[in-house]
Every structure is written in structure tokens, then in C-alpha cells.
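J.: Provided below are the primary sequence and the corresponding predicted coordinates.
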Amino acid sequence: MTTPATAPGADLRSEDILALVHALVRFESPSRDAEASAALTADLAQRFAALGADVERVRTASGDHLLMHVGGSGDPLLLVGHTDTVWPVGTLAQELPWSLDGDVVRGPGAYDMKAGIVVMLCALARLRDVPASQRRAVRIVLVCDEEIGSPESTPLLREWSRGVAGAIGFESPHPDGALKVGRRGSSRVRLTVTGRAAHAALDPENGVSAVDELVDQLLRVREVASDPTLPGPVLCNVGTISGGTRTNVVPADASAEIGLRFTDPTTERKVLTALADLPPVRAGAEISFEVLSSRPAWAPSDADATLLAHVADAGQRIGQHITGRPANGAGDTNLLGSLGLPTVDGFAPRGGGAHALEEHFLLSSLHERIDLLCAVLRLPPE
């Protein structure tokens, strides 16, 4: 049974908030599943509209993005999140069922990042009856392709970041609850090799093994990424490898998708240029290189520190100690921070196991984040 898409009330009980997370988790929404995305965003659009938000759904091949505005005072704050998860439909019924064990809540996408969306919903619900002069205007962007690098939503983020006072991301915080201020840049690339097929026993000399060539090229990738002359460190992960058809056929095709993380744009440029220029090792092999997605490095700035101080002051008023520091993982705030927009991330509740079967969040931390966002958005009486 699906929970009706109604707005949460201002007098939310803990069980109501938990039920809201559960309702969103039941909408399993893997990246690139347009039908699943449409079902979830239709539900969310109704919930946010019931709280007074102006809602626009932008439909793409990957799914639906949500663009929303809630009236208030001053230049708006931009709240950024995503509706897609890494989990295929069926995970909830099998490998990662919904559960509550004391303070620990588990479920596919519960931590990354449907609990973060609930923070937004519940904070807006509490502030709904507060006069507009006493609450901050808000823009909200929920994209459906963050887990695959936001290839379609990046222009929307750029557009909706214009004229805002700052941006808050609702990805997971550091394990101790600290916010994330600064992130490594991230690029997803594909290395493709084309060889020539032949019988592996009767005619091997006429074949060019794409798999063998790919293995040699991946060793070169490792050398490029670990070059000690680079300005900054590089994290390199070969995430997928594919190629070949049968053991008695010299493989004609092979490819690998590689994740790269950078601390600065100069290192990123040098590494990507070197990989794009890799020559074949063996005669007859052809190499192609493609950047699938790219997020710029976000170096912490004075503007970020000012926004963090504002959040920390709001936290102090309600008895919370808020800190922030850089993080290795990348997200949509990479773009916003790199543009010079005052930005913080990690506003979701504490937890762990993102993208793993131990994915979970702490219910107590969910309540803390709702309280904190209310404090950030509430303005003193005129």
C-alpha cells in the first residue's frame, strides 16, 4: 500500500516522519528508470505543492527533475538533492528490506538520499504557518541523475543557482555529522579498444586481442594517475571491464569504465589529456577515450566559510554544535561550490553504508537535521 501524497503536518510525530521516509523508499527509483522516476516525482510534487511550493517537473530520457520555489524573504537559499538511487527495483523485497532497529533505519536509498528529502519536507511543514517576513525564501532542485554524474540536470542546476544567497546539499555528512565544505572533482571515463577477431587456435596471428590491449592500457592508466609530478593526488578506480565473446575467439572489442577523483582542476586537465592521447601498444588496435561525466573540484572558499558560520550559529541557537570540512566524494554541490556560490553539503542525517547493503541512517539524527534546517530558514521577527 502506498502512503497518500499529502503534506506532513507541523505537529509531526516521530512515527509520522519515519512513515514519510518509508513511503519514499517504497518508490524504488534507480538511475535511468524513467517510469520509476516519474512515479516518485509525481508523489513528491504533490507533497511539496501541499506545502505551498510552486512545482515544475522537467521530463527527460532518464526521468523527471523537480524545480520548486517556496516564498519568503530575501534572496533564496538553494536546497539541492536527488531522487535516484544505485539500487535496482526489487532490492527492497530482497537484499535490503526496510527495517527499524532501535535508532537505526535501513532500506535502499533511505540514507542516500530520501531521508535528506524528508528533512526538506518536514522543515517546510513546520515553517508553513510562519509569516513570510520571518522565513527565508527557498528554491529546491531535486534531480534524477545524480548517481550517474548529473549529465542532463547540470544545466538546470546552473540556471537555478543564479541569484541565490547560497546552496545547501542534502548528501550524507561526515560520519561524525560534520558538514562537507569542499569536495574532490570527479570524472567518469570510458576507455574502448577495437581489435580484430580471429580463431584463437587456427588463425591467432591474424587477430588483434582487444582484451590484451585493454589490460596493457589500464597499466598505463595507473601510471598516469600515480605520476609524482602531478600537482595533486588522484584517486583512480577501474569500475567495470567488458570484452570478448568466446575463449576460442580472439576478442575484437573491450572497454573499461574508470572513476577518477581530483583535488584541483590542473591535475584533472593533465590526467584527462594524457588518457585521451594514449597510443596503442600493438599494431592494429584502436583506442578511443570518452568522458562520460565530469564534476569540477570544489575548493573551500571564504564564502563557504561564511555560510557554514551562519549554519553553525543557527545550530547553536538550538543546542547543536555544527562543524564542516572537505570530503573526498563528489556530488552536485561540486558545480555550485566551484562557481563561487556559498555552499555547504552533508545536510542529511548521520548514517553509513551508502551504495552498500549496510545502508542506514540514524532516526535521532534525522530529527536533528529537521530542527537545524528550520533554524537556518527562520528569520527573526521584524
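T.: On my side now, so go ahead.
J.: who's in contact with P88?
T.: Listed by CB atoms under 8 Å, 6 or more residues apart in numbering, the contact set of P88 reads 28, 30. Heads up, the C-betas are built off the backbone N, CA and C, glycines and all.
J.: On the three-state scheme, it is what?
T.: Under DSSP: H, G, I helix; E, B strand; the rest coil, P88 falls in the coil class.
J.: Could you report the separation of it from G81?
T.: For P88, the distance to G81 equals 21 Å [CB to CB, to the nearest Å].
J.: now do T154
T.: In terms of CB to CB, T154 sits 15 Å off from G81.
J.: between these two, which one's more packed in?
T.: With neighbours defined as other CB atoms under 10 Å, T154 and G81 compare such that G81 has more, 25 against 17.
J.: hang on, isn't the more buried one packed against A115?
T.: No - between G81 and A115 there is no contact under CB atoms under 8 Å: 10.3 Å.
J.: so where does L292 fall, helix or strand?
T.: L292 is part of strand 286-295, with elements assigned from DSSP states H and E.
J.: Just give me how far that strand sits from the chain centre.
T.: 20 Å (CA atoms, centre = their mean, to the nearest Å).
J.: who touches that strand?
T.: Strand 286-295 is contacted by residues 148-151, 183, 185-195, 213, 217, 257, 268, 272, 275-276, 278-280, 330-332, 334-335 when judged by CB under 8 Å, 6+ apart.
J.: What residue in the chain is the furthest from its centre?
T.: L202 (49.7 Å; CA atoms, centre = their mean).
J.: got a pLDDT number for that residue?
T.: With respect to pLDDT, L202 has a value of 94.
J.: mind checking the SS state of it?
T.: coil.
J.: ok, it to D212 distance?
T.: 18 Å.
J.: strand partners of the strand holding L292, parallel vs antiparallel please.
T.: Here strand 286-295 is paired, per DSSP bridges, with strand 185-194 (antiparallel).
J.: buried ones in the strand it pairs with?
T.: 185-189, 191-194 (16 or more other CB atoms under 10 Å).
J.: and after that strand, which helix or strand comes next?
T.: Strand 185-194 is succeeded, C-terminally, by strand 198-199 (DSSP H and E).
J.: From the contact counts, what lies against that following strand?
T.: strand 249-250 (3 or more CB pairs under 8 Å, 6 or more residues apart in numbering; DSSP states H and E).
J.: The helix or strand following the strand it packs on to strand 185-194, inter-axis angle?
T.: Sequence-wise, the next helix or strand downstream of strand 249-250 (DSSP H and E) is strand 253-262. Interaxial angle, strand 253-262 versus strand 185-194 (axes from the mean of the first three to the mean of the last three CA atoms, to 10 degrees): 160 degrees.
J.: residue contacts, G337?
T.: Contacts of G337 (CB under 8 Å, 6+ apart): 167, 182-183, 298-301, 304, 343.
J.: sorry, back to before: in the buried residues of strand 185-194, find the pair that's most separated.
T.: G185 and T194 (29.3 Å; CB to CB).
J.: what does the strand or helix carrying Q46 rub up against?
T.: Here Q46 sits within helix 34-50, counting by DSSP H and E. With CB under 8 Å, 6+ apart as the test, helix 34-50 has contacts from 2, 5-8, 23-24, 27-30, 55, 57, 59-66, 68, 83-84, 89, 117, 121, 124, 140, 142, 144.
J.: List the buried residues for whichever helix or strand comes after that helix?
T.: Later in the chain than helix 34-50, the nearest helix or strand by DSSP H and E is strand 54-59. Neighbour counts using 16+ other CB under 10 Å place 55, 58 of strand 54-59 among the buried residues.
J.: Check which helices and strands the helix or strand following strand 54-59 sits against.
T.: Counting by DSSP H and E, the next helix or strand C-terminal to strand 54-59 is strand 64-70. Under the contact definition 3+ CB pairs under 8 Å, 6+ apart, strand 64-70 sits against helix 34-50, strand 54-59, strand 136-143, helix 154-160.
J.: Nearest to G319, out of those?
T.: Nearest to G319, of the helices and strands packed on strand 64-70 and by CB to CB, is strand 136-143 at 20.9 Å.
J.: Show me which of the contacts of helix 34-50 are buried.
T.: For the contacts of helix 34-50, a neighbour count by 16+ other CB under 10 Å gives the buried set as 7-8, 23-24, 27-30, 55, 60, 62-66, 68, 83-84, 117, 121, 124, 140, 142, 144.
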